[in-house]
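Q: after the sequence you'll find the predicted model.
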Amino acid sequence: MRGIAMAMKKFINKREDLVKELLEGYALAFPRKVRLAGSNLVVRARPKAAGKVGVVTLGGSGHEPALSGFVGEGMLDVSVPGEIFAAPGPPRVFEALKTADRGAGVLFIVLNHAGDVMAAKVVMEMVKKQGLNVKMVLTHEDIAGGPRDKPDSRRGLVGCVPVMKIAGAAAEAGRPLDECLAAAERASENMATLAVAMSPATHPSTGQALFALADDEMEIGLGQHGEPGTGSMKIKTADETADAMLGRLLADLRVNRGEQLLVLLNGAGATTLMELFVVYRRAARVLKEKGIVLARGAVDEFLTVQEMAGFQMCIVRMDDDLLKLWDAPCDTPYLVVR
Amino acid sequence: MTETIGRDELVRMLRGAVEKVRAGHEGLSRLDSAIGDGDHGTTMLRAMGLVEKTIVERPSAQGRDRQGAAPFPPRPLRALLNDVGWAVMGVDGGAAGPLLGSLLMGMAEGVGERQELDAAALADAFEAGLASVRRYSQAQVGDKTMMDALVPAVEALRAAAGAGQGAAAALAAAALSAEKGAAATADMCARFGRARNLGERSRGFADPGATSMALIFRGFADGLAAAR
């Protein structure tokens, strides 16, 4: 299955320079919002006011704009990019936590992937030893990974974006660390995401396809590194795909009539906004029929997997406070709310 | 035969590991291409570069001669292992760095204040290292991970020490067990890491992490056995 020879067509220079060069270019592209600091940490161009909670995340590169695209006022203070699809090492993460601490502690957002979690565990031990004030929240909302009562089996997908937005807004509003954590956890525990893939991506360092799918097939539940889903099937229409995915998400999260949802559609890299809007329109119609309130929505590329075709559908059950935090202003390279 | 491990011997062990992994890194990447994402060889190569850099004694910032000409005391074993472990953790290549780093940092705790390790003390150190790895990984022997090389190696080391063998002979036994354990992973179905996604298709290839762990133990043993 692996090692499928696909001719890789990417604009890169030396593979070993890829992450360094992409970060350099990213910082140059948004000089008023972000800069590189220390050992290739992405930090806000203007640091947060002292006395406010810092927000930090970590994760492999190759998923642009995630995660560094959301560093900026009202969201992340620091992101620690790793190598392609690989977590950064604990020393840089520890440095990031210290950098982000403005005297009120740090909220540390981690997506449930083995390498990320391992780095986070090591770092949290260091935090304890050195007496830093850091609270960690783990996102694990991929319903294809396993049942809701086994959160360890569920990977963190694009749901990290609303969690970062909500945590960042709470921190910017001057809420203490425990309240920022509570808001982030409330969002995290009230969301569900499902991915669908139509064609694979190549690993930009190795040139290998991450998985294989026949030309006329798609697979629901496939993870962002090719983790298997619920088996491949013949390609369905936008409406059929939206129905199948939304139905499973609503059932998993046990969404009731009258509840308010945030619906986020995330393009995986090669799927067009055109297609995503068609899917979103169907999702909105289904929710209306079920008497569920589509309170907020977003359609964009937040967390990509190179040139993978497919998308992730994420729903978050919102309360009034979460809506307030979602609507609060933020100014990052890839998410701006005014 | 070397009966005990002091600072020079530990440095020889670490250099031996660097050498073995360097020589074998392409093979590691080939294995990882078969069942992972193909980057294990280059990750380990970067990790070994960090090991090599960190074992060199340098004057630290505090109160040393600026020219670096004045003699300075080398780090105690514990500090050396701790520094090397922390450096390896910084390799930015997913789980490999934290796992190998925590093995070395756990060994540092196991060594404690000792500056000369006999085979039993060396077994203590490796057992402490293994315990540290277990804090971050739930993988057991048979799951097709680095544990399949590390666990039998540590057991063999302890057994050899118990049988009254010297440190060099005990490490040689550990290296053999690690190699056997790594080879046996070829028949296993992966239950951890990204290879798990392949399920049954992961059979037929040795686990890259177990293979690199075996290379490290072979390097420890050969590095120690090599003439100064």
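A: Structure's in. What do you need?
Q: check whether residue A:36 sits in a helix, strand or coil.
A: On the three-state scheme (DSSP: H, G, I helix; E, B strand; the rest coil), residue A:36 is labelled strand.
Q: that one contacts residue A:42, doesn't it?
A: Yes: taking Cβ atoms under 8 Å as the contact criterion, residue A:36 and residue A:42 are neighbours in contact, 6.4 Å apart. Heads up, the C-betas are built off the backbone N, CA and C, glycines and all.
Q: what sits in contact with each of the two?
A: Common neighbours of residue A:36 and residue A:42, using Cβ atoms under 8 Å, 6 or more residues apart in numbering or on different chains, are A:23, A:27.
Q: ok, those two, which is more surrounded?
A: residue A:42 (27 against 17; other Cβ atoms under 10 Å in any protein chain shown).
Q: ok, which residues in chain B are in contact with chain A?
A: Contact residues, chain B versus chain A (Cβ under 8 Å from any Cβ of the partner chain): B:33-39, B:42-43, B:86, B:89-95, B:97-99, B:101-102, B:135-137, B:192-194, B:197-199, B:201.
Q: filter those down to the ones in helices?
A: Judged by DSSP state H, helices contain the following of the residues of chain B next to chain A: B:33-35, B:42-43, B:86, B:89, B:97-99, B:101-102, B:135-136.
Q: the residues you listed: which two are farthest apart?
A: Pairwise distances across those peak at 31.3 Å for B:34 and B:86 (criterion: Cβ to Cβ).
Q: just the buried residues from the ones in helices among the residues of chain B next to chain A, in ChimeraX please.
A: Remark: buried members of these, expressed as a ChimeraX selection using 16 or more other Cβ atoms under 10 Å in any protein chain shown:
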select /B:33,34,35,42,43,86,89,97,98,99,101,102,136
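Q: now render the ones in helices among the residues of chain B next to chain A as JSON lines, adding distance to residue B:13 and pLDDT.
A: Shown next, in JSON lines, are those (distance: Cβ to Cβ, whole Å; pLDDT from 0 to 100):
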{"residue": "B:33", "distance to residue B:13": "29", "pLDDT": "81"}
{"residue": "B:34", "distance to residue B:13": "30", "pLDDT": "82"}
{"residue": "B:35", "distance to residue B:13": "29", "pLDDT": "81"}
{"residue": "B:42", "distance to residue B:13": "23", "pLDDT": "89"}
{"residue": "B:43", "distance to residue B:13": "21", "pLDDT": "91"}
{"residue": "B:86", "distance to residue B:13": "18", "pLDDT": "94"}
{"residue": "B:89", "distance to residue B:13": "19", "pLDDT": "94"}
{"residue": "B:97", "distance to residue B:13": "19", "pLDDT": "92"}
{"residue": "B:98", "distance to residue B:13": "21", "pLDDT": "93"}
{"residue": "B:99", "distance to residue B:13": "18", "pLDDT": "94"}
{"residue": "B:101", "distance to residue B:13": "16", "pLDDT": "96"}
{"residue": "B:102", "distance to residue B:13": "18", "pLDDT": "95"}
{"residue": "B:135", "distance to residue B:13": "23", "pLDDT": "91"}
{"residue": "B:136", "distance to residue B:13": "23", "pLDDT": "89"}
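Q: which of the ones in helices among the residues of chain B next to chain A sits closest to residue A:194?
A: Comparing those against residue A:194 with Cβ to Cβ picks out residue B:35 as the nearest, at 26.1 Å.
Q: so what's the residue count around the nearest residue to that closest one once chain neighbours are set aside?
A: Spatial nearest neighbour of residue B:35, excluding adjacent residues (Cβ to Cβ, 6 or more residues apart in numbering or on different chains): residue B:195 at 4.3 Å. Using other Cβ under 10 Å, residue B:195 has 28 neighbouring residues.
Q: residue A:149 too?
A: Residue A:149: 6 surrounding residues under other Cβ under 10 Å.
Q: secondary structure element for it?
A: Assigned by DSSP states H and E, residue A:149 falls within no helix or strand.
Q: all the helices of chain B, residue numbers only.
A: For chain B, the helices defined by DSSP H cover B:7-35, B:40-55, B:77-89, B:96-111, B:119-136, B:147-162, B:167-184, B:208-225.
Q: can you say which of those is nearest to residue A:92?
A: helix B:77-89 (9.4 Å).
Q: can you check what angle separates that closest one from helix B:7-35?
A: Counting by axes from the mean of the first three to the mean of the last three Cα atoms, to 10 degrees, helix B:77-89 points 20 degrees away from the direction of helix B:7-35.
Q: please work out which residues outside helix B:77-89 touch it.
A: Identification of contacts with helix B:77-89 by Cβ under 8 Å, 6+ apart yields A:89-91, A:122, B:6-7, B:10-11, B:14, B:47, B:50-51, B:53-55, B:74-75, B:97-98, B:100-109, B:111-115, B:117, B:125.
Q: ramachandran angles for the residue in the stretch 201-338 of chain A that chain B sits nearest to?
A: Nearest residue of the stretch 201-338 of chain A to chain B (Cβ to the nearest Cβ) works out as residue A:206 at 3.6 Å. Per-residue torsions, residue A:206: phi -110, psi -10 (degrees, to the nearest 10).
Q: what's the local residue count around the closest residue to residue A:62 other than its chain neighbours?
A: In space, and not counting its chain neighbours, residue A:62 is closest to residue A:84: 4.3 Å by Cβ to Cβ, 6+ apart. Residue A:84: 21 surrounding residues under other Cβ under 10 Å.
Q: tell me the contacts of residue A:84?
A: When contacts are counted by Cβ under 8 Å, 6+ apart, residue A:84 touches A:18-19, A:60-62, A:203-205, B:39.
Q: who's it bridged to?
A: The residues listed as beta-bridge partners of residue A:84 by DSSP bridges are residue A:61.
Q: for it, give me the pLDDT.
A: For residue A:84, the pLDDT comes out at 91.
Q: all strands of chain A, in order?
A: For chain A, the strands defined by DSSP state E occupy A:34-37, A:41-44, A:54-61, A:78-84, A:106-111, A:134-139, A:191-199, A:217-220, A:232-234, A:260-267, A:293-300, A:309-318, A:330-331, A:336-337.
Q: wait, which of the ones you listed is closest to residue A:9?
A: That would be strand A:191-199 among those, by Cβ to Cβ, at 13.6 Å.
Q: ok and that closest one relative to strand A:260-267, angle-wise?
A: Compare the direction of strand A:191-199 with that of strand A:260-267 by the same axes, to 10 degrees and you get 20 degrees.
Q: off-centre distance for strand A:191-199?
A: Centroid separation for strand A:191-199 versus its chain: 12 Å, with Cα atoms, centre = their mean, to the nearest Å.
Q: residue B:206 contacts residue B:185, correct?
A: Yes: taking contacts as Cβ under 8 Å, residue B:206 lies within contact range of residue B:185: 5.0 Å.
Q: which one's more surrounded, the two?
A: Neighbours per residue (other Cβ under 10 Å) separate residue B:206 from residue B:185, with residue B:185 holding more: 31 against 24.
Q: not counting its neighbours along the chain, what's nearest that one?
A: Spatial nearest neighbour of residue B:185, chain neighbours left out: residue B:207 (4.0 Å); criterion: Cβ to Cβ, 6+ apart.
Q: dump the residue contacts of that neighbour.
A: Per Cβ under 8 Å, 6+ apart, neighbours of residue B:207: B:31, B:35, B:144-146, B:148, B:182, B:185, B:188, B:190, B:195.
Q: so who does the closest residue to residue B:146 other than its chain neighbours touch?
A: Leaving aside its sequence neighbours, residue B:146 sits nearest to residue B:209 (Cβ to Cβ, 6+ apart; 3.8 Å). Neighbouring residues of residue B:209 by Cβ under 8 Å, 6+ apart: B:40, B:96, B:99, B:145-146, B:193.
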